[in-house]
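J.: Sequence and computational prediction follow.
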Amino acid sequence: MNLPFITDQDFKNKDFTKIKLDKAEYDNCTFTNCNFDSCYLSAFSFLECEFIDCNLSLVKINETIFKDTTFTNCKMIGFPVSEINTFLLSITFKSCNLQLANFVNTNLKHTTFMACNFNQTDFSNANLLGSSFNNCNFLNAVFNTTNLEKCDFTSAKNISLIPENNKLKGAKFSKYNLEGLLAHYKLIITE
């Protein structure tokens, strides 16, 4: 099915829970202060788009395409990253609330996450090879058989994982977040 093509549009202060966003391929569009809470965006395409100050909590994005798309200061509680179409997938997250998001089985190599909240987010079986997590909070996040090789966690907070259950070769951690890698061993760490 060929989708209508919408390009170079700015959508500001739209409540898409009340007015429906047309199912289309959006290219070089900006969505600012828009509400998509629990909206159906399945099989849409967003190419070189930007979402700023939007609410994307609990959206339905089965087979949605995101290519060169940036999310800035967005509320994305329960965001189902695992449902995204991986064809051409390239996304960046800046200052987003990704609490309870689902990254299970997602292939997001070399992705940039800046100052994001991942409270209770599930990264099980995800491939995050070479991704960077600058100033991100991982309170109660789940990592199980996750590929974290060459990831940068040097400024991450509250990270806790079992090293044997994840791939960590070449991952970067600071001495301040090492406690989360050792908590499983019930060690007493002092200064």
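T.: Nice, I can see it. Note that the coordinates shown come from a computational prediction; the quantities given were computed from them, not determined experimentally.

J.: going forward, measure contacts between C-alpha atoms and count neighbours the same way
T.: OK.

J.: in the sheet, who's paired with the residue lying closest to Thr7 once chain neighbours are set aside?
T.: Sequence neighbours aside, Asp27 is the residue nearest to Thr7 in space, at 4.6 Å (criterion: Cα to Cα, 6 or more residues apart in numbering). Note on Asp27: beta-bridge partners Thr7, Leu47, judged by DSSP bridges.

J.: So what's the residue count around Asp27?
T.: 19 (other Cα atoms under 10 Å).

J.: I figured it hits Phe5, correct?
T.: Yes: assessed by Cα atoms under 8 Å, Asp27 is found in contact with Phe5 at 7.5 Å.

J.: coming back round to it: got a list of what the residue nearest to Thr7 touches?
T.: By Cα atoms under 8 Å, 6 or more residues apart in numbering, the contact set of Asp27 is Phe5, Ile6, Thr7, Asp8, Phe46, Leu47, Glu48, Cys49.

J.: and what of Ala156?
T.: Counting by Cα under 8 Å, 6+ apart, Ala156 has contacts Phe133, Asn134, Asn135, Cys136, Asn137, Phe138, Asn177.

J.: For it, give its distance to Asn137.
T.: Here the criterion is Cα to Cα, to the nearest Å. By it, Ala156 lies 6 Å from Asn137.
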